[in-house]
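Engineer: based on what follows, work out the 3D shape:
(one chain, ligands or ions: 1)
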Amino acid sequence: MDEANKQATEKSREEDEKPLDGQDPSSISRRDLLKLAGAGGIGLLLGSVGVGSVWAGTAKLGAPAASTASNAGPKQVIPFYDTHQAGIVTPAQDFICFAAFDLTTVKLSEVRDLFRRWTEAAAKMTAGQPVGGEDDQPSLPPADTGEAAGLHPCRTTITFGVGPSLFDSRFGLGAKRPEALADLPRFGGDSLRPEWCGGDIGVQVCADDLQVAFHALRNLTRLARGVAVLRWTQEGFQRTGGSGSAGETPRNLMGFKDGTANPDIHDKQAMNDIVWVQPSEQPAWMSGGSYMVVRRIRMRIEVWDRSTLSDQEATFGRYRSSGAPLGAKNEFDPLALDAKDEAGQPAIPLTAHVRLAHGEGPSEKILRRSYSYSSGIDRQTGQLDAGLLFICYQRDPRAQFVPIQQRLAKRDKLNEYIVHVGSALFACFPGARQGGYIGEGLFE
Ligand code: HEM
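Structural biologist: All right, here's what the predicted structure looks like:
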């Protein structure tokens, strides 16, 4: 080993010995975690010392600003084994790598094995560990691809779901398909492209570091070889915790605060009402799970940039600068839906996005967890291919996302500036227990 390598090894050893939270000397080190990972004890350890039990981080495109105490840093671990899957009511991380997979096998046993492998790998990667352990053979490809070596866990979450197509004739699962996993209807104005739609399986990887998130998705893809292939992927971002705006509602690519009126993720009752499938609901394997709708929504940014400020504000029904509803003063003031402007017209226009999205009663609320995306240039127009990777969670899309989107599709003034080009729906399993695996309730 040359001198440089020795120094690097020593430095990495010192890093490994550091406590994970960087402050409490009694807390576990990365090296401890490595040892326990070998013994299959990560979840146990996390459970026992409560690492990651305090959720903190940056706000999300879709999170109330109150959820934004970013003081835990990149060493924070969000436990993988839990009642619910992480990555749903977890305060949104800075980055997302989303992927939809199609199964190439027709054997249910191979699907089951894939989820077992994925569970084990996800538990490791969310704890900042490599997949497959540390003892690589020189004559074989390394078990882990390596680009996250030495990097912190960065609040990685990996959330798995299955799409309606999983319940076709291939695996004999038809009778287990949830009614709530009904195909989404076609909405007016949709311009969906097959390359951004559907998937037998959806995997949402989020982390406060893009390389860490990418590593996780890449290794899951690798583990799926011979059983499933990527169908489509999309990376997304929001302003990072380091940008100095922690605590404020993030802005979308149209310059508006996005997430103000999202339900409070810390309100358990609200999350039970809006997000989590309840034990009284069918099928039992979805109890504690949630339905994820994903829409890849392209923004016509160049057109938006030529519209006036007052037109932009009328489009959303909120002031750009403060985020307050039109006719109100502060960002978190309620929508004054009956207020009139000086001309006697509704202060929030009848076609404003927030008026139409507001939802008719509590049963129509959704939890948004969206990210901005930018994917180079649309070669046909020479314009930016950028927009919103809209993601929302709910107990039943038929009663929540669908009626909201039907109203938006008909009348939303925002439609002048956006087009829905991708769409997918996934039933996200409840969390896995230690020793079990994600999807067990469905596959066993
Ligand atoms: C590119 C597309 C979209 C953009 C740029 C966008 C942006 C916004 C903004 C700026 C707000 C106001 C601030 C806030 O409360 O978060 C908002 C509110 C909201 N949006 Fe969207 N949105 C988009 C698509 C959608 C879609 C597809 C849905 C669901 C079908 C949706 C549902 C909502 C809801 C439920 C609210 C809160 C309304 C309220 O109760 O005040 N949005 N959106």
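
Engineer: neighbouring contacts of stretch 337-351?
Structural biologist: With C-beta atoms under 8 Å, 6 or more residues apart in numbering as the test, stretch 337-351 has contacts from 314, 317, 325-328, 335-336, 354-355, 358, 411-413. Where you see a C-beta, it was placed from the backbone N, CA and C, and this is true even at glycine.

Engineer: farthest-separated two in the residues you listed?
Structural biologist: Spatially, the most separated pair among those is Ala328 and Arg411, at 21.8 Å (C-beta to C-beta).

Engineer: what sits closest to Pro397 if chain neighbours are left out?
Structural biologist: Distances taken as C-beta to C-beta, 6 or more residues apart in numbering place Tyr291 nearest to Pro397, at 5.1 Å, with adjacent residues excluded.

Engineer: likewise Phe443?
Structural biologist: Arg112 (4.4 Å).

Engineer: tell me the secondary structure at that neighbour.
Structural biologist: helix (DSSP: H, G, I helix; E, B strand; the rest coil).

Engineer: is stretch 352-370 up against the ligand anywhere?
Structural biologist: Yes: on the criterion C-beta under 6 Å from any ligand atom, stretch 352-370 is in touch with the ligand at 353-354, 357-359, 366.

Engineer: most neighbours, which of these?
Structural biologist: Of all these, the highest neighbour tally under other C-beta atoms under 10 Å goes to Ile366, namely 24 neighbours.

Engineer: picking up where we left off before, show me what contacts the residue nearest to Phe443?
Structural biologist: Contacts of Arg112 by C-beta under 8 Å, 6+ apart are 439, 443-444.

Engineer: what distance do you get for Ala409 to the ligand?
Structural biologist: 9 Å (C-beta to the nearest ligand atom, to the nearest Å).

Engineer: same thing with Asp208?
Structural biologist: Counting by C-beta to the nearest ligand atom, the gap from Asp208 to the ligand is 22 Å.

Engineer: leaving out chain neighbours, which residue sits closest to that residue?
Structural biologist: Of all residues not flanking Asp208 in the chain, Cys154 sits nearest, at 4.3 Å (C-beta to C-beta, 6+ apart).

Engineer: wait, doesn't that neighbour sit right on Asp209?
Structural biologist: Yes: counting by C-beta atoms under 8 Å, Asp209 is a contact partner of Cys154 at 4.3 Å.

Engineer: out of these two, which sits in the more crowded spot?
Structural biologist: Between Cys154 and Asp209, counted using other C-beta under 10 Å, the more crowded position is Cys154 (27 against 20).

Engineer: could you look up the SS state of that one?
Structural biologist: Following three-state DSSP, Cys154 is assigned to coil.

Engineer: so who does it touch?
Structural biologist: Neighbouring residues of Cys154 by C-beta under 8 Å, 6+ apart: 74, 76, 93, 128, 207-209, 212-213.

Engineer: which one of those residues is nearest Ser280?
Structural biologist: Here the nearest of those to Ser280, counting by C-beta to C-beta, is Gln93; it sits at 31.9 Å.

Engineer: just the CA trace of stretch 81-94, in PDB.
Structural biologist: Provided in PDB are the C-alpha atoms of stretch 81-94 (Å, rounded to 0.1, in the frame of the first residue of the first chain):
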ATOM      1  CA  TYR A  81     -37.700  -1.100   9.200                       C
ATOM      2  CA  ASP A  82     -40.800   0.600  10.600                       C
ATOM      3  CA  THR A  83     -44.600   0.400  10.600                       C
ATOM      4  CA  HIS A  84     -44.800   2.500   7.500                       C
ATOM      5  CA  GLN A  85     -42.300   2.800   4.700                       C
ATOM      6  CA  ALA A  86     -40.000   5.800   5.100                       C
ATOM      7  CA  GLY A  87     -40.000   8.500   2.400                       C
ATOM      8  CA  ILE A  88     -43.800   9.200   2.600                       C
ATOM      9  CA  VAL A  89     -44.200  11.400   5.700                       C
ATOM     10  CA  THR A  90     -40.500  11.900   6.100                       C
ATOM     11  CA  PRO A  91     -39.600  15.600   5.600                       C
ATOM     12  CA  ALA A  92     -38.500  15.700   2.000                       C
ATOM     13  CA  GLN A  93     -34.800  15.300   1.300                       C
ATOM     14  CA  ASP A  94     -33.000  17.500  -1.300                       C
END
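
Engineer: report the buried residues of it.
Structural biologist: Buried residues in stretch 81-94, counted by 16 or more other C-beta atoms under 10 Å: 81-82, 84-94.

Engineer: for stretch 403-420, same thing?
Structural biologist: For stretch 403-420, by 16+ other C-beta under 10 Å, it's 404-405, 407-409, 411-415, 417-418, 420.

Engineer: now the terminal residues of that stretch, how far apart.
Structural biologist: 16 Å (C-alpha to C-alpha, to the nearest Å).

Engineer: ok, now stretch 177-196?
Structural biologist: End to end - C-alpha to C-alpha - stretch 177-196 spans 23 Å.

Engineer: ranges for the strands of the protein?
Structural biologist: 95-103, 157-162, 201-207, 228-237, 290-299, 367-368, 371-378, 383-394, 418-428 (DSSP state E).

Engineer: can I get those strands in TSV with mean pLDDT?
Structural biologist: Listed next are the strands of the chain as TSV, based on pLDDT from 0 to 100:
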stretch	mean pLDDT
strand 95-103	98
strand 157-162	98
strand 201-207	99
strand 228-237	98
strand 290-299	98
strand 367-368	98
strand 371-378	96
strand 383-394	97
strand 418-428	98
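
Engineer: select, out of the ones you listed, the one closest to Ala123.
Structural biologist: Closest to Ala123 of the strands of the chain is strand 157-162 (C-beta to C-beta; 9.0 Å).

Engineer: so which of the contacts of Cys154 belong to helices?
Structural biologist: 212-213 (DSSP state H).

Engineer: tell me the contacts of the nearest residue to Thr105 once chain neighbours are set aside?
Structural biologist: Residue nearest to Thr105 in three dimensions, not counting chain neighbours: Val227, with 4.8 Å by C-beta to C-beta, 6+ apart. The neighbourhood of Val227, defined by C-beta under 8 Å, 6+ apart, consists of 103-105, 110-111, 113-114.

Engineer: before we move on, what about Asp144?
Structural biologist: Counting by C-beta under 8 Å, 6+ apart, Asp144 touches 130-132, 219.

Engineer: next one: Asn330
Structural biologist: Neighbours of Asn330 in contact, by C-beta under 8 Å, 6+ apart: 322, 324.

Engineer: redo that, cut-off 6 Å
Structural biologist: Ala324 (C-beta atoms under 6 Å, 6 or more residues apart in numbering).

Engineer: what distance do you get for it to Glu342?
Structural biologist: Note on Asn330: its distance to Glu342, by C-beta to C-beta, to the nearest Å, is 21 Å.

Engineer: which residues does Phe426 bridge with?
Structural biologist: Met292 (DSSP bridges).

Engineer: buried residues of stretch 337-348, list them for me.
Structural biologist: So, applying 16+ other C-beta under 10 Å, buried residues of stretch 337-348: 337, 346-348.
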